[in-house]
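Chemist: need coordinates for the following:
(chains A and B)
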Amino acid sequence: RKEVEQDPGPFNVPEGATVAFNCTYSNSASQSFFWYRQDCRKEPKLLMSVYSSGNEDGRFTAQLNRASQYISLLIRDSKLSDSATYLCVVNSYYGGSQGNLIFGKGTKLSVKP
Amino acid sequence: DAGVTQSPTHLIKTRGQQVTLRCSPKSGHDTVSWYQQALGQGPQFIFQYYEEEERQRGNFPDRFSGHQFPNYSSELNVNALLLGDSALYLCASSLSGEWSNQPQHFGDGTRLSIL
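Modeler: Numbers count the residues shown, from 1 in each chain, chains lettered A, B, ... in the order given. Predicted structure coming up:
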């Protein structure tokens, strides 16, 4: 079983649609959770951290369920500019600092006019 | 405020050669991590450097080695290059200690092609 698993893509949606990405992780000791966005041939960029209480940033909402080891990202009113690959990422601390990030394979989103 | 910078941006090598990639962390960061991203995959952790020492290592062979300098910059060295080493190599920096819960910041990456 992979450490971080994501929905297989690609997701092709029309502008204005709501789209949800799901992710599961296998290491119950994981301590930090993130969604990164990666545009084609670019570096990953942090989209948002994910907190146990759930958090929202504009059109984006992230949820974490530690008991089920499940993370989600909801994008409302999707825009053409949301087209990218979305990476689910978990992290464990090591020696007082961030340990290595474990990435999912990513889910590609294409928003069409 | 300079972010993470990597050099070179692109590199073409042949099998059996050696390569050195460079990374300067974001200002104020003291920890550098290296990742390899093959086409269509998520980044895979190679190793992490802190206080000029390798602190953690992923599942990569000894052909992959690194170094961190007193100014926190870092190098990734790969010996005896294989076709399968073709990938985007990403450097990420972070801060230890009190701010260790802050996310890692990535550089633009070095795209390495092996012929």
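Chemist: C-terminal to the lowest-mean-pLDDT helix or strand in chain A, what's the next element?
Modeler: Scoring the helices and strands of chain A by mean pLDDT, DSSP states H and E places strand A:97-103 at the bottom, with a mean of 76. For strand A:97-103, the succeeding helix or strand toward the C-terminus, using DSSP states H and E, is strand A:107-112.
Chemist: quick check: residue B:58 vs chain A, distance?
Modeler: 6 Å (CB to the nearest CB, to the nearest Å). C-beta: built from backbone N, CA, C; applies to glycine.
Chemist: what sits against that residue?
Modeler: A:100, B:44, B:45, B:46, B:47 (CB atoms under 8 Å, 6 or more residues apart in numbering or on different chains).
Chemist: buried residues in stretch A:40-55?
Modeler: Under the neighbour-count criterion of 16 or more other CB atoms under 10 Å in any protein chain shown, stretch A:40-55 has A:43, A:44, A:46, A:47, A:48, A:49, A:50 buried.
Chemist: quick one: average pLDDT of it?
Modeler: Model confidence over stretch A:40-55, given as mean pLDDT, is 91.
Chemist: not counting that stretch itself, show me its contacts.
Modeler: Here stretch A:40-55 has contacts from A:32-38, A:57, A:60-64, A:66, A:71, A:73, A:84-87, A:103, B:43, B:88, B:90, B:103, B:105-109, B:111, using CB under 8 Å, 6+ apart.
Chemist: list only those of those flagged as buried.
Modeler: Buried members of those, scored by 16+ other CB under 10 Å, are A:32-38, A:60-64, A:71, A:73, A:84-87, A:103, B:43, B:88, B:90, B:103, B:105-109, B:111.
Chemist: alongside chain A, which residues does chain B contribute?
Modeler: Within reach of chain A by CB under 8 Å from any CB of the partner chain, chain B has these residues: B:31, B:33, B:35, B:40-45, B:48, B:50, B:55-56, B:58, B:88, B:90, B:92, B:94-97, B:100-109, B:111.
Chemist: what about the strands in chain B?
Modeler: Secondary structure of chain B (DSSP state E): strands at B:5-7, B:10-13, B:19-24, B:31-37, B:44-50, B:53-57, B:64-68, B:74-78, B:87-94, B:105-106, B:110-114.
Chemist: any chance of those strands in CSV, plus distance to residue A:20 and mean pLDDT?
Modeler: Listed next are the strands of chain B as CSV, based on distance: least, CB to CB, whole Å; pLDDT from 0 to 100:
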stretch, distance to residue A:20, mean pLDDT
strand B:5-7, 33, 97
strand B:10-13, 36, 96
strand B:19-24, 35, 98
strand B:31-37, 25, 95
strand B:44-50, 26, 93
strand B:53-57, 33, 90
strand B:64-68, 37, 97
strand B:74-78, 36, 98
strand B:87-94, 27, 95
strand B:105-106, 25, 90
strand B:110-114, 32, 97
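Chemist: export those to CSV and tack on distance to residue A:112?
Modeler: Shown next, in CSV, are these (distance: least, CB to CB, whole Å):
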stretch, distance to residue A:112
strand B:5-7, 33
strand B:10-13, 31
strand B:19-24, 37
strand B:31-37, 26
strand B:44-50, 31
strand B:53-57, 41
strand B:64-68, 40
strand B:74-78, 39
strand B:87-94, 27
strand B:105-106, 28
strand B:110-114, 28
